[in-house]
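Participant: okay, sequence plus prediction incoming.
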Amino acid sequence: MKHIDVKEIISSTEYVGREVTVCGWVRTSRNSKSVAFVELNDGTSLKNVQVVVEKGDGDYKEPRVGMSLKVVGTAVEGRNNTVEINAVPDGITVLGDCPTDYPLQKKGHTLEFMRGMPHLRSRTNTFNAVWRVRSVLAAAIHRYFQEHNYVYINTPLITGSDCEGAGEMFQVTTNGYTTQFKSEEEYYENDFFGRRAGLSVSGQLEGEMAATAMGKIYTFGPSFRAENSNTPKHLAEFWHVEPEVAFAELDDVIEIAEDMLKYVIGQLLELCPSEIAFFDAHFEKGLKARLEELISHDFGRVTYTDAIELLKKSGEDFVYPVEWGCDLQTEHERYIAEKVFKKAVFVTDYPKEIKSFYMKQNPDGKTVAAVDLLVPGVGEIIGGSEREADYDKLIAAMNERGMNLELYSDYLDLRKYGTVPHGGFGLGFERLIMYTTGMANIRDVILYPRTVGSIR
Ligand code: 4AD
């Protein structure tokens, strides 16, 4: 169907004076004696185009909110430097009717209410803006890595080894309920892959294999976590950006994370000014200034050990008690980012017991070269580390955790054949979107959220 995007029509005077065809859904409609005004939105822009209908003697039936229309008319300069379309009733074709039970007939629904209609909520300004931010950020992430000599790789989603070792994998099976197998081993031997398989929680292990050949790689795909965490920042299926770099130590990993984030947020400010202004007005006052501030200053940096001291001295009444060795909870992460540093902050060198087997062991024998990036409002958005490149130390760490080394033989080979210092990180894409839009619930930044107890 030949037509022009609303975004193109309203953003320049190029079409003024010409006959144009636009398509879209009716956002509002006002009718007076001789003229009618219809606000049409086709999703290409937050802004609508106004269609001014000279009713004349034509047969004008006022369109209802939600109807889809095709309008042929003349682009003209409207008030306040806008471009609008003059049309007559004959120039308007109803493509799809929309009865009065259309749930978005009325404005002002809560986000929670709209979660109940993921198929329609995208037609609101809020979700229009979120999806555009998502798209622009995704493109900027690719651009950043492509411009810095990284190779984009796609790691498997079905895997036989658990990357994070936290037992949070969804199982992949074609075996239905049966009592025919006598043991767990027999059950898995008879399953599709002949052994236990699951949905990958991270592409890192395979990413390391590619990085120790290509030097610099990144992945950008879904990861799956069967965590029983019903929180505003956990999804069972989230999008994960995972760069992995050879010939790199922890400081290099931190530098890449900061540089990449500053680039993509800078791009967002440049390419989505209307969306950022929208979120600033409706969801987080001062959002734009906060993002501008972020990209123009160095991120903070603190060791886990010092962060624990800061938390202990804070005088705050945390729900989860703070002791060296404890995992930082969201309340702790937010305190550090929001109250102490008041900006994004890297926390490094965590106790080895609370981190994964693959992280490089520090000379103190107690901590590993891990890093998390904490940001105000959300908490952790990045988790990464320098990897243990020493074959014997890696095996020792895996044995300490009682891991089955056979499952990781490929991974161990990398330390046998030309091992190199290397590292990388994982950025939770939805958490980045939360941070850059001020949306407080992760369910509102992904088209169809998958969370514990909920799928559609
Ligand atoms: O800290 P995580 O678990 O690290 C890894 O998976 C490493 N293998 C990454 C690497 O070094 N390549 O996860 C990384 C990030 C977190 O900081 C968070 O932003 C996001 O992934 N994330 C989630 N996002 C939404 N829902 C969940 N359930 C998430 N779990 C992790």
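Facilitator: Alright, I've got the coordinates. Computed from a predicted structure; not experimentally measured. Residues are numbered from 1 along each chain as shown.

Participant: use CA for all of it now, contacts and neighbours both
Facilitator: Fine.

Participant: okay, now the residue nearest to I141 when sequence neighbours are not counted: neighbour count?
Facilitator: In space, and not counting its chain neighbours, I141 is closest to V264: 6.1 Å by C-alpha to C-alpha, 6 or more residues apart in numbering. Counted with other C-alpha atoms under 10 Å, the neighbours of V264 add up to 21.

Participant: what about V264, which helix or strand?
Facilitator: Using DSSP states H and E, V264 maps to helix 250-271.

Participant: so who does Y152 touch?
Facilitator: Q146, I217, Y218, T219, F220 (C-alpha atoms under 8 Å, 6 or more residues apart in numbering).

Participant: so it bridges to which residues?
Facilitator: Y218 (DSSP bridges).

Participant: ranges for the helices of the stretch 251-400 of the chain?
Facilitator: Assigned by DSSP state H, counting those that start in this stretch, the stretch 251-400 of the chain shows helices spanning 273-282, 287-296, 304-313, 330-334, 391-400.

Participant: which bits of the stretch 301-450 of the chain sit near the ligand?
Facilitator: Within the stretch 301-450 of the chain, the positions near the ligand by C-alpha under 6 Å from any ligand atom are E380, I381, I382, G383, G384, S385, G424, F425, G426, L427, G428, R431.

Participant: the second one touches L432, doesn't it?
Facilitator: Yes - under the criterion of C-alpha atoms under 8 Å, I381 makes contact with L432 at 6.5 Å.

Participant: so which strand or helix has the spatially most distant residue from the centre of the chain?
Facilitator: Going by C-alpha atoms, centre = their mean, the residue of the chain most distant from its centre is D57, 51.7 Å out. Secondary structure assignment for D57, by DSSP H and E: no helix or strand.

Participant: make 529 the first number, not 1, from now on.
Facilitator: Okay, residue one is now 529; in that scheme the one you just asked about reads as D585.

Participant: got the phi/psi numbers for it?
Facilitator: Here is the backbone geometry of D585 (degrees, to the nearest 10): phi -100, psi 0.

Participant: how about the strands in the stretch 879-984 of the chain?
Facilitator: Under the criterion DSSP state E, counting those that start in this stretch, the stretch 879-984 of the chain contains strands at 895-903, 907-914, 950-956.

Participant: so which of the ones you listed comes closest to V980?
Facilitator: Proximity to V980, assessed across those by C-alpha to C-alpha, is greatest for strand 950-956 (17.8 Å).

Participant: how far off centre is the closest one?
Facilitator: Relative to its chain's centre, strand 950-956 lies at 15 Å (C-alpha atoms, centre = their mean, to the nearest Å).

Participant: tell me the contacts of E696?
Facilitator: Applying C-alpha under 8 Å, 6+ apart to E696 gives the contacts V729, R753, A754, E755.

Participant: quick check: chain neighbours aside, which residue is closest to it?
Facilitator: A754 (4.8 Å).

Participant: got the confidence number for that neighbour?
Facilitator: At A754, the model reports a pLDDT of 94.

Participant: so it: helix, strand or coil?
Facilitator: coil (DSSP: H, G, I helix; E, B strand; the rest coil).

Participant: contacts only, for it.
Facilitator: By C-alpha under 8 Å, 6+ apart, the neighbours of A754 are E696, M697, F698, A764, V980.

Participant: ok, and which of these reach the ligand?
Facilitator: With C-alpha under 6 Å from any ligand atom as the criterion, the contacts of A754 include A764 near the ligand.

Participant: from the contacts of A754, pick the one nearest G606.
Facilitator: Nearest to G606 among these, with distances taken as C-alpha to C-alpha, is A764, at 47.5 Å.

Participant: that closest one reaches I983, doesn't it?
Facilitator: No - A764 is beyond contact range of I983, at 9.9 Å (criterion: C-alpha under 8 Å).

Participant: of the two, which one has the most company?
Facilitator: Taking other C-alpha under 10 Å, A764 and I983 do not tie; A764 has more neighbours (23 against 9).

Participant: picking up where we left off before, of the contacts of E696 - the most surrounded one?
Facilitator: Result: V729 is most packed of the contacts of E696 (other C-alpha under 10 Å), 28 neighbours.

Participant: could you measure from the residue nearest to T541 when sequence neighbours are not counted over to the ligand?
Facilitator: If the residues on either side of it in the chain are set aside, T541 comes closest to V611, at 7.1 Å by C-alpha to C-alpha, 6+ apart. Distance from V611 to the ligand, counting by C-alpha to the nearest ligand atom, to the nearest Å: 41 Å.

Participant: ok, now which ones touch V611?
Facilitator: I537, I538, S539, S540, T541, V544, V577, Q578, A603, V604, E605.
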